[in-house]
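Asks: Show me how the following folds:
(2 chains)
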There are 2 protein chains.
Amino acid sequence: MSASENQQQTNGNGACAKGYMNPAPTPRAEWITKRREEAVRSGDDNMSQMHFARKGLITEEMAYVAKVEKVTAEFIRDEVAIGRMILPANINHPELLPMAIGVGSLCKINANIGNSAMVSNVDEELRKLHTAVHFGADTVMDLSTGGDIPMIRQQILRHSQVPIGTVPLYEALARVKKLEDLNIDLYLEVIEEQAQQGVDYFTIHAGVLIQYIPLVAKRVTGIVSRGGAILAQWMTSHHKQNFLYENFDRITKVMAKYDVCYSLGDGLRPGSLADASDEAQFAELKTLGELTRSAWKSDVQVMIEGPGHIPIDQIKMQVDKEIELCDGAPFYVLGPLVTDIAPGYDHITSAIGAAMIGWHGAAMLCYVTPKEHLGLPNEKDVKDGMIAYKIAAHAADVARHRPGARDRDDALSQARYTFDWDKQFALSLDPETARAMHDETLPDDYYKETAFCSMCGPKFCSMNWSSKVDKFNEKEHGLTKPDLTQIVNEQMALRS
Amino acid sequence: MSASENQQQTNGNGACAKGYMNPAPTPRAEWITKRREEAVRSGDDNMSQMHFARKGLITEEMAYVAKVEKVTAEFIRDEVAIGRMILPANINHPELLPMAIGVGSLCKINANIGNSAMVSNVDEELRKLHTAVHFGADTVMDLSTGGDIPMIRQQILRHSQVPIGTVPLYEALARVKKLEDLNIDLYLEVIEEQAQQGVDYFTIHAGVLIQYIPLVAKRVTGIVSRGGAILAQWMTSHHKQNFLYENFDRITKVMAKYDVCYSLGDGLRPGSLADASDEAQFAELKTLGELTRSAWKSDVQVMIEGPGHIPIDQIKMQVDKEIELCDGAPFYVLGPLVTDIAPGYDHITSAIGAAMIGWHGAAMLCYVTPKEHLGLPNEKDVKDGMIAYKIAAHAADVARHRPGARDRDDALSQARYTFDWDKQFALSLDPETARAMHDETLPDDYYKETAFCSMCGPKFCSMNWSSKVDKFNEKEHGLTKPDLTQIVNEQMALRS
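Replies: As a prediction, this is how the structure comes out:
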């Protein structure tokens, strides 16, 4: 497909910048070359950021992340060394702009894309990638299960400046005739190939053990993790232990060589409120803790995946348990959804849980789109999911009192109070939507300078009256309003 | 307008049932007549539910509410007597189906409708009323500020089976030439007329005192409550105390006569995260506590309005403060929005805060629509706001462990796990949207009976595999799944 064709496709779609199909630049290329040469010299082929951190080294990736997160490089190094933070950065992903996942950094968001055997194609997946990143995705998972999976992944990797995660079991299953044919050799082949391509983290459901299978019998929704269900079916067919658990060390060797992070999958996560925080879930979590310590012995980076569907009153407990059982490895959570009754709106049911769990210490939130439980998300669903999760992650960062986290809120509030409509739109998460909603009733440019909107009209605008009260306070009491000009200007500059 | 014209207007709009413009039936008419006769006999014209509760009586309204809430009528009476629960039920609102607001009952939702001088008309307001109630609004506030306000309100009241609230100050302001002309006599005239019409609760900003005005000088967004800003401007112009505070006893007399509940307005609520939980907010809240005790002396029912914009980490403290300063009067909160950066999506930013504050003990959540801060909500915005708040209130009820609160979740989860797509849609908050999203990729009826959707396809459907694991558990371990047939049937019956 030619560049002009690509551009035609994106015409009229405000979310897609021009040229989104051009391969991304490769800012890490030089760092990686240098590191490879050093590995040849020393004979130490462990490329993991944790390995370097534990040797006391500050990598270029750590230095980059430190700047973005406004902390010292030493802090990043120390957090990575103890395993409380990960820097997913496969040495074969030179396009990556490094980022960190951990309680010591801003709360991150993952967006799932990828096709199924039923729908989608590579162009659409690239559009979804672009839309996700445009609206603030910090990592993207390619969950493709149909079509030419390696080709789609290759395209995604070469176009992505954010870390890419996968669930290698999907490709393994796609390669066999029937589920029972899955085996460790095939699996190792798949992860070696994916690691070679540059995938930054793998979801690996090595904690679903055969002895936990009876624990799901009482559940309303059984096993809802695809990886978990596939492995459970494999184990019950063969009457054998999970082959990912049995061969964990062999997998770890591949992870170390390319610096792929473990995202230890929660194959037994609850799929309904009824199943939340049950024995099966926490039995697996304990095993994930074991596996974490095992991976750390080889300096391989680890994060832990979490629920799912959890009622509000159990959310804090989920984080506490994970920190306790997995020694503080970063917690990467799906939602959680705080009710099961709103299919079509699960970006909202889960954004509630996500904001809360982010506040309590989850390091990354996996978004849920409105299409969850109903179908494969399209580009619009990706956008809606992203906005809901950007809200959740940002609200969590503000609640955690991260330095400067509230600046954008303050800048937008100032623009709002001073009726600077254009700045209010520009500072918002989705300027086009904000502007369109305002213009629905008051489209004329004239109304971009008026001290009211259609909600109240001029006689009933509180902020209009309030500005008169400000004048009174200044005249009578000598009290002046805070000057937020600098914050507004800084925040506007970030968005220009 | 003729009935057939009305029906034409609603054709094609699934949310509007036919005949929504027919006046509502009057189930309370007999109870009220009896009560009036008794008042003439006894000479006691205090019609408040609290007055009857304190005399030890169980009114028909209390008995009705007890059934709906699945508690004893004695419990309702006792909660009303101590002021921890209110039953908004103006004796001139015979169309009302009684409901309760209090921490001892299910978490309620209010939907704001009403026009502004800029847009809207009575037909559209009736459509919004119908849409709000259809999607679960427990009360509706008519915030009209333009056009023929009394006529719009009359239409809304005569069509509403849920309690209607207003902010009488709006009509008072609409009647004067300039704000400074507002006065207590006009105000008393307005509330007498509105009470006479049947309004069930009034927002009254009697706690904004002149000595609190300097406290807002440091704020980023000053005074964002319309009522608060109007009164502040009045006080600063006249150098006089708030005339609603000064004449509170006179207002209380009207409230008692018609049994209108106070909804003590938070005129100094924060309008941005920067202003949350500040001195101005809590100074006013303390005054609202004073006024609560004053109203209770006349057995007048009271709830307390709350914020606004509050970061996640301050939400619990808001409820604790309110309970402490206002002796446990029901807390009726707007949102709160947990970030300021998402105009166009404030139904989501605020649903996060609403779910949390509902869990912590707020009795009623005032919805926020996507149009908040940008324009007057239309019917679609009303629906979107309602769904988000239904999610929030329900999640709060589940988290509070209210008996049976999780039944609908369990029933829907069971339908989901058994691939009963039609039941899954029927049990959801918005069946049409859920069905449409599913059908977007798999429209054929055939796919309503298949054990997968387009998200994963048949080979990758976790629940499909999981059902095989269930069979294993049954065969190998003799473990069977719980039988939820009864819950599913009960929940389906509620929706047929």
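Asks: For stretch A:28-42, list every residue counted as buried.
Replies: Judged by neighbour count (16 or more other Cβ atoms under 10 Å in any protein chain shown), stretch A:28-42 contains these buried residues: A:28, A:31-32, A:35. No exception for glycine: its C-beta is placed from N, CA and C like everyone else's.
Asks: low pLDDT regions in the stretch 151-300 of chain A?
Replies: Low-confidence segments of the stretch 151-300 of chain A, defined by pLDDT under 70, are absent; every residue clears the threshold.
Asks: now stretch A:424-441, how far from the chain's geometric center?
Replies: 25 Å (Cα atoms, centre = their mean, to the nearest Å).
Asks: Give me the residues contacting it.
Replies: Among residues not part of stretch A:424-441, those counted as contacts by Cβ atoms under 8 Å, 6 or more residues apart in numbering or on different chains are A:14, A:135-136, A:387, A:390-391, A:408, A:411-412, A:415-416, A:421, A:447, A:453-454, A:491-492, A:495, B:118-119, B:341-345, B:370-371, B:373-376, B:378.
Asks: Which positions within that stretch qualify as buried?
Replies: Counting neighbours by 16+ other Cβ under 10 Å, one finds that the buried residues in stretch A:424-441 are A:424-431, A:433-435, A:437-441.
Asks: can you check stretch A:166-178 too?
Replies: Per 16+ other Cβ under 10 Å, stretch A:166-178 contains these buried residues: A:166-174.
Asks: Out of these, name the ones that lie in helices.
Replies: In this view, these that belong to helices under DSSP state H are A:168-174.
Asks: Run through those and flag the ones next to chain B.
Replies: Filtering those for proximity to chain B (criterion: Cβ under 8 Å from any Cβ of the partner chain) leaves A:170, A:173-174.
Asks: Straight-line length of stretch A:367-384, end to end?
Replies: Stretch A:367-384 has an end-to-end distance of 10 Å (Cα to Cα, to the nearest Å).
Asks: Let me see the mean pLDDT of that stretch.
Replies: For stretch A:367-384, the mean per-residue pLDDT is 95.
Asks: just stretch A:476-484 next, same as before
Replies: Taken as a whole, stretch A:476-484 has an average pLDDT of 92.
Asks: for A:Met356, what are its contacts?
Replies: A:312, A:315-316, A:396, B:312, B:352, B:356.
Asks: now swap in A:Arg28 and tell me
Replies: Contacts for A:Arg28 were tallied using Cβ under 8 Å, 6+ apart; they are A:60-61, A:89, A:93-96, A:98.
Asks: And these, which is closest to B:Arg293?
Replies: Each of the contacts of A:Arg28 was checked against B:Arg293 using Cβ to Cβ; the closest is A:Pro98, at 59.2 Å.
Asks: Now do the SS call for the closest one.
Replies: Using DSSP: H, G, I helix; E, B strand; the rest coil, the secondary structure recorded for A:Pro98 is coil.
Asks: Can you report how many residues lie near the residue nearest to it when sequence neighbours are not counted?
Replies: The spatially closest residue to A:Pro98, leaving aside those adjacent along the chain, is A:Glu61, at 3.9 Å (Cβ to Cβ, 6 or more residues apart in numbering or on different chains). Counted with other Cβ atoms under 10 Å in any protein chain shown, the neighbours of A:Glu61 add up to 23.
Asks: Kindly report the same for the one 4 residues further on.
Replies: By the criterion of other Cβ under 10 Å, A:Val65 has 27 neighbours.
Asks: All the strands of the stretch 101-250 of chain A, residue numbers only.
Replies: Assigned strands in the stretch 101-250 of chain A, in chain order: A:101-102, A:108-113, A:139-142, A:164-166, A:201-204 (criterion: DSSP state E, counting those that start in this stretch).
Asks: shouldn't A:Gly375 be in contact with B:Cys453?
Replies: Yes - using Cβ atoms under 8 Å as the test, A:Gly375 is close enough to B:Cys453 to be in contact (5.4 Å).
Asks: Mutual contacts of those two, please.
Replies: Where contact means Cβ under 8 Å, 6+ apart, the residues bridging A:Gly375 and B:Cys453 through contact with each are B:438, B:441-442.
Asks: So which of the residues you listed belong to helices?
Replies: Counting by DSSP H, the shared contacts of A:Gly375 and B:Cys453 place B:438, B:441 in helices.
Asks: In CSV, list the shared contacts of A:Gly375 and B:Cys453 along with pLDDT.
Replies: Putting those into CSV (pLDDT from 0 to 100) gives the following:
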residue, pLDDT
B:His438, 93
B:Thr441, 81
B:Leu442, 81
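Asks: do the lengthiest helix in chain A and chain B meet?
Replies: Secondary structure assigned by DSSP H gives helix A:379-399 as the longest helix of chain A. Yes - under the criterion of Cβ under 8 Å from any Cβ, chain B is reached by helix A:379-399 at A:387-388, A:390-392, A:394-396, A:398-399.
Asks: need the contact list for the residue nearest the centre of chain A.
Replies: Residue closest to the average C-alpha location in chain A (Cα atoms, centre = their mean): A:Asn110, at 1.7 Å. Taking Cβ under 8 Å, 6+ apart, we find A:Asn110 in contact with A:137-141, A:165, A:332, A:364-367.
Asks: Report the entries of those residues that also contact chain B.
Replies: Counting by Cβ under 8 Å from any Cβ, the subset of the contacts of A:Asn110 that neighbours chain B is empty.
Asks: how about the residues you listed in a markdown table, adding neighbour count?
Replies: Conversion of those to a markdown table gives the following (neighbours: other Cβ atoms under 10 Å in any protein chain shown):
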| residue | neighbour count |
| --- | --- |
| A:Ala137 | 27 |
| A:Asp138 | 23 |
| A:Thr139 | 24 |
| A:Val140 | 26 |
| A:Met141 | 24 |
| A:Gly165 | 24 |
| A:Tyr332 | 28 |
| A:Met364 | 27 |
| A:Leu365 | 31 |
| A:Cys366 | 24 |
| A:Tyr367 | 31 |
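Asks: and the angle for the longest helix of chain A with strand A:108-113?
Replies: Between the axes of helix A:379-399 and strand A:108-113, defined by axes from the mean of the first three to the mean of the last three Cα atoms, to 10 degrees, the angle is 170 degrees.
Asks: On the three-state scheme, A:Phe452 is what?
Replies: The three-state label given to A:Phe452 by three-state DSSP is coil.
Asks: So what's the residue count around it?
Replies: Neighbourhood size, A:Phe452 [other Cβ under 10 Å]: 20.
Asks: I'd like the distance from it to B:Gly267, if you could.
Replies: 19 Å (Cβ to Cβ, to the nearest Å).
Asks: for A:Glu37, same thing?
Replies: 69 Å.
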